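Engineer: need a structure here:
(chains A and B)
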Amino acid sequence: KAGVTQTPRYLIKTRGQQVTLSCSPISGHRSVSWYQQTPGQGLQFLFEYFSETQRNKGNFPGRFSGRQFSNSRSEMNVSTLELGDSALYLCASRAGGGSSYEQYFGPGTRLTVT
Amino acid sequence: DQQVKQNSPSLSVQEGRISILNCDYTNSMFDYFLWYKKYPAEGPTFLISISSIKDKNEDGRFTVFLNKSAKHLSLHIVPSQPGDSAVYFCAASALNAGNMLTFGGGTRLMVKP
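Structural biologist: As a prediction, the model looks like this:
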């Protein structure tokens, strides 16, 4: 099975712009979660989607949003970019259901805000 | 308030010896724990997990131990290999938090040949 894919891998944006990142989960996985990794805050949970519904949300401002499509692919959007949004954005997929919590991560999108 | 802590930012071990990475947590609602390995510019790779109903789980060279009373878990790698050099993250999940993983700050493991 192909792993989790994320596009683009690298992105440079200017303050005030918006950005959309894309994630394709492992085939058959219905849950997609997004995480932000920064040197100062480490890996932090953004939100999780399951069957096109947001199930959980981390402690991030409303500028961060996401959605999931019927094929389980997910996008996250960040509006009005700030310098502090520069980070590695990671997407993780999980089969969903059952008692297994293993999530499988994609390679990430490195966002640089200038 | 860090709910998951990895107090050692780095660890250096000789090839062939045991590597022991530690993790402490404060939230007693956590009921599932995972270890991930991460190389620079890549996403974390799942290594091994353990449910709170167990105190040990083994997979090849990797063993995770859970001490619920101490709210402590550890990852043992035996024998350590140079390819194990990476940053290791422990993560925890709670049933009532869905799929949200709470990560520790990571420990950089260096295995010297």
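Engineer: which non-adjacent residue is nearest whatever residue of chain B ends up closest to chain A?
Structural biologist: Taking CB to the nearest CB as the measure, the point where chain B comes nearest chain A is B:Gly43, at 3.5 Å. Where you see a C-beta, it was placed from the backbone N, CA and C, and this is true even at glycine. Distances taken as CB to CB, 6 or more residues apart in numbering or on different chains put A:Phe105 closest to B:Gly43, at 3.5 Å, once the chain neighbours are dropped.
Engineer: if we can go back for a sec, so who does the residue of chain B closest to chain A touch?
Structural biologist: By CB atoms under 8 Å, 6 or more residues apart in numbering or on different chains, the residues touching B:Gly43 are A:Val4, A:Gln6, A:Leu90, A:Ala92, A:Phe105, A:Gly106, A:Pro107, A:Gly108.
Engineer: same thing but at 6 Å, please
Structural biologist: A:Leu90, A:Phe105, A:Gly106, A:Pro107, A:Gly108 (CB atoms under 6 Å, 6 or more residues apart in numbering or on different chains).
Engineer: what packs against the helix or strand of chain A at the bottom of the mean pLDDT ranking?
Structural biologist: Comparing helices and strands within chain A by mean pLDDT, DSSP states H and E singles out strand A:53-57 as the least confident, with a mean of 90. Judged by 3 or more CB pairs under 6 Å, 6 or more residues apart in numbering or on different chains; DSSP states H and E, the packing partners of strand A:53-57 are strand A:42-50.
Engineer: export the strand it packs on as PDB, just CAs?
Structural biologist: As requested, C-alpha coordinates have been extracted for strand A:42-50 and formatted as PDB (Å, rounded to 0.1, in the frame of the first residue of the first chain):
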ATOM      1  CA  GLY A  42       7.200  20.600  19.300                       C
ATOM      2  CA  LEU A  43       4.500  18.500  17.700                       C
ATOM      3  CA  GLN A  44       1.000  19.800  18.300                       C
ATOM      4  CA  PHE A  45      -2.400  18.500  17.300                       C
ATOM      5  CA  LEU A  46      -4.400  20.700  14.900                       C
ATOM      6  CA  PHE A  47      -7.500  18.800  14.100                       C
ATOM      7  CA  GLU A  48      -8.900  15.400  13.000                       C
ATOM      8  CA  TYR A  49     -11.400  14.500  10.300                       C
ATOM      9  CA  PHE A  50     -13.300  11.300  10.000                       C
END
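Engineer: That one near chain B anywhere?
Structural biologist: Yes: for strand A:42-50, a contact with chain B is found by CB under 6 Å from any CB of the partner chain, at A:Gly42, A:Leu43, A:Phe45, A:Glu48.
Engineer: Any chance of a PyMOL selection covering the buried ones in the residues you listed?
Structural biologist: One line in PyMOL is enough to select the buried ones among the residues of strand A:42-50 next to chain B; burial here means 16 or more other CB atoms under 10 Å in any protein chain shown:
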select buried, chain A and resi 42+43+45+48
